[in-house]
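**Student:** starting from these lines, generate the structure:
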Amino acid sequence: MRLDKFIADMTPYSRNDIKKLIRRGAVSVDGKKAVSGSQQVQEDSEVYLDDQLITYQRYEYYLLNKPAGYICANSDVSAPVALELIDSPRRDLSCVGRLDKDTEGALLITNDGQLNHALLSANNHVEKTYYARFSGTLPDNAAEVMARGISFKEFTSRPARLEVIDRQSARLTICEGKFHQVKRMFAHFGCDVTYLRRDVFAGLTLQGLEVGEYRPLDSQEVGQLWQLADPQKVKTDQLTAEEDS
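**Tutor:** Presented below is the predicted three-dimensional model:
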């Protein structure tokens with residue numbers, strides 16, 4: 001890859017900034033002063049900026065416990081965005097799916113576009129579990145109705161699992177993510193959701209994360225996400241690794 005892309009991916013500097021840094025001799029590659037941002041480097045090249053080693057990481061994966069009041073977008077002038085809570089210089093991070101502005105909970109953030117797309121594919125049935133508090137009263141057959149699927153104007157929900165906690169709260173597990181889906185499913189029974197939190201996304205839980213906190217995923221968790229999103233890719237990668245060993 002180009003040297004300027006290497007540095008831009010792992011630092012806050014723009015391509016124009018990097019050009020100036022190279023010009024003043026602040027960048028070296030494998031022990032030699034860099035001469036141009038277009039020179040080719042490898043992911044494992046020793047790139048130094050002002051005597052600080054820059055370690056390249058192609059993909060980053062974070063689980064955020066999103067607070068209410070934040071939106072899932074790259075930028076917005078009307079409200080803070082969830083990406084602002086991640087301390088990373090990368091400018092290519094994205095939210096995997098969306099949580100409503102007033103919804104808290106598990107939000108996966110990554111720059112791995114292929115995984116992002118695969119997890120959101122309608123064919124993969126990736127599960128999400130929500131905790132909801134609501135006004136109104138659920139009927140005795142609410143779980144059965146949700147398990148069969150509810151017909152809305154533009155779609156019919158796939159079978160969902162409802163666990164009633166008490167008269168005003170429940171957990172709901174769905175395998176899709178239509179606009180305001182959870183709220184609409186409760187509204188089908190005349191119940192208005194007053195608080196909503198996603199506790200589980202694709203097997204990832206909020207354990208150990210306070211609201212507003214995040215953590216990086218480890219390699220095993222990333223592998224499990226790929227297993228859910230694209231088992232064939234995981235199998236192919238394993239075979240390739242065996243052939244290379």
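**Student:** can you give me the helices in the chain?
**Tutor:** Ranges of helices within the chain are 3-10, 15-23, 113-120, 142-148, 181-187, 219-229, 231-244, based on DSSP state H.
**Student:** and for the third one, what's in contact with it?
**Tutor:** Right, the one you point to is helix 113-120. Around helix 113-120, the neighbours that count as contacts under CB atoms under 8 Å, 6 or more residues apart in numbering are 59, 94, 96-97, 108, 110, 124, 126, 177, 202, 222, 225-226, 228-230, 233. (Glycine included, C-beta is placed from N, CA and C.)
**Student:** how about it as CSV, C-alpha atoms only?
**Tutor:** C-alpha atoms of helix 113-120 as CSV (Å, rounded to 0.1, in the frame of the first residue of the first chain):
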residue,chain,number,x,y,z
GLY,A,113,-16.9,-3.4,5.6
GLN,A,114,-17.2,-7.0,4.5
LEU,A,115,-18.1,-8.2,8.0
ASN,A,116,-20.5,-5.2,8.4
HIS,A,117,-22.4,-6.1,5.3
ALA,A,118,-22.5,-9.9,6.1
LEU,A,119,-23.8,-9.4,9.7
LEU,A,120,-26.6,-7.2,8.4
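**Student:** okay if I get the helices of the chain as CSV plus distance to residue 85?
**Tutor:** Shown next, in CSV, are the helices of the chain (distance: least, CB to CB, whole Å):
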stretch, distance to residue 85
helix 3-10, 19
helix 15-23, 24
helix 113-120, 18
helix 142-148, 32
helix 181-187, 22
helix 219-229, 19
helix 231-244, 29
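**Student:** determine which of these approaches residue 90 most closely.
**Tutor:** Nearest of the helices of the chain to residue 90, taken as CB to CB: helix 3-10 at 6.4 Å.
**Student:** how about the nearest residue to the residue nearest the centre of the chain, chain neighbours excluded?
**Tutor:** In the chain, the C-alpha nearest the mean C-alpha coordinate belongs to residue 108, at 2.2 Å (CA atoms, centre = their mean). Nearest residue to residue 108, sequence neighbours excluded (CB to CB, 6 or more residues apart in numbering): residue 96, at 4.1 Å.
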